[in-house]
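[1] show me the folded form of this:
(2 chains)
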Amino acid sequence: MSVVRAVVTAGPLDPEGLAALVRDPAAGATVLFTGVVRDHDDGRGVTGIVYEAHPDAQRMLAALLAGWLTDRPEILAVGAEHRYGEVEVGQVAFCAAVAAAHRAEAFAACADLVDLVKLSLPVWKHQRFADGTSVWVGSV
Amino acid sequence: MSDVVVRLFAAATQAAGRSEVRLAAGRPLGATVADLDAVAADGGSGVELASVVARSTFLVDGARRALSDPTPLLPGATVDVLPPFAGG
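    Numbering: from 1, shown residues only, chains lettered A, B, ... in the order given. Okay, the predicted model is just below:
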């Protein structure tokens, strides 16, 4: 059981590399989630997102993953990456991968992990709309 | 360094028009944060700092702290104002 990767970076993410990192001879299932910037939100056109991350976000992500793993002996490996700065429509802003012996537990764990990171990691998104306006999502 | 350093993020930075504010040490978190309303008066971005702060959580020197915690902030302490997270 290990955290193979916890990265908060301005550069492009590497979801396929992350999925390869969690692979394990004992793992019959690896689940990779990619969170992609989409071109719409709540019926409005979106042209891009600028993410801001707390300066300690990478360390916090590592601690979050390590804490999450202690309650999940069925998970063989876990990793996650989050971007900050400008992220274009179609680019990956967040990815998470888990490996487990069986698919049901891997699917469930990955979904739970994604929810946890979205809830707990101090990252914010400034969403730009096609009409020229922008908003800090969830803050006003 | 007799002040408390208050770091603002995301919507809080936008509302205040700056990312850092220095306030007097020696008072609890709630009283210190309440002083940010005065800062909002000269931020002038159209976003109310008070409404962002009301939805925020707080770190004192990296550890979560409730607004109701009566412990006085020490000189040199760093307070982080964290608006609701929106990662992913």
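
[2] how about the strands in chain B?
    Assigned by DSSP state E, the strands in chain B fall at B:3-8, B:20-24, B:57-60, B:63-64, B:78-82.

[3] would you reformat these as a markdown table and include mean neighbour count?
    For glycine as for every other residue, the C-beta is placed from the backbone atoms N, C-alpha and C. Below are the strands of chain B laid out as a markdown table (neighbours: other CB atoms under 10 Å in any protein chain shown):
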| stretch | mean neighbour count |
| --- | --- |
| strand B:3-8 | 20 |
| strand B:20-24 | 15 |
| strand B:57-60 | 18 |
| strand B:63-64 | 9 |
| strand B:78-82 | 20 |
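
[4] okay, those in JSON lines with distance to B:Leu49 and mean pLDDT next?
    Shown next, in JSON lines, are the strands of chain B (distance: least, CB to CB, whole Å; pLDDT from 0 to 100):
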{"stretch": "strand B:3-8", "distance to B:Leu49": "8", "mean pLDDT": "97"}
{"stretch": "strand B:20-24", "distance to B:Leu49": "10", "mean pLDDT": "94"}
{"stretch": "strand B:57-60", "distance to B:Leu49": "14", "mean pLDDT": "98"}
{"stretch": "strand B:63-64", "distance to B:Leu49": "21", "mean pLDDT": "96"}
{"stretch": "strand B:78-82", "distance to B:Leu49": "9", "mean pLDDT": "98"}
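
[5] which residues of chain A fall in helices?
    Here chain A has its helices, by DSSP state H, at A:15-22, A:57-70, A:103-120.

[6] residue numbers of chain B in contact with chain A?
    Chain B comes close to chain A at residues B:9-12, B:14, B:47-48, B:51-52, B:55, B:62, B:80, B:82-88, as judged by CB under 8 Å from any CB of the partner chain.

[7] show me which of the residues you listed are buried.
    Among these, the ones that count as buried by 16 or more other CB atoms under 10 Å in any protein chain shown are B:9-12, B:14, B:47, B:52, B:80, B:82-88.

[8] now flag whichever of those residues is closest to A:Phe94.
    Nearest to A:Phe94, judged by CB to CB, of those is B:Gly88 at 4.7 Å.

[9] hmm, that closest one is touching A:Lys118, no?
    Yes. Counting by CB atoms under 8 Å, B:Gly88 does reach A:Lys118; the two are 4.2 Å apart.
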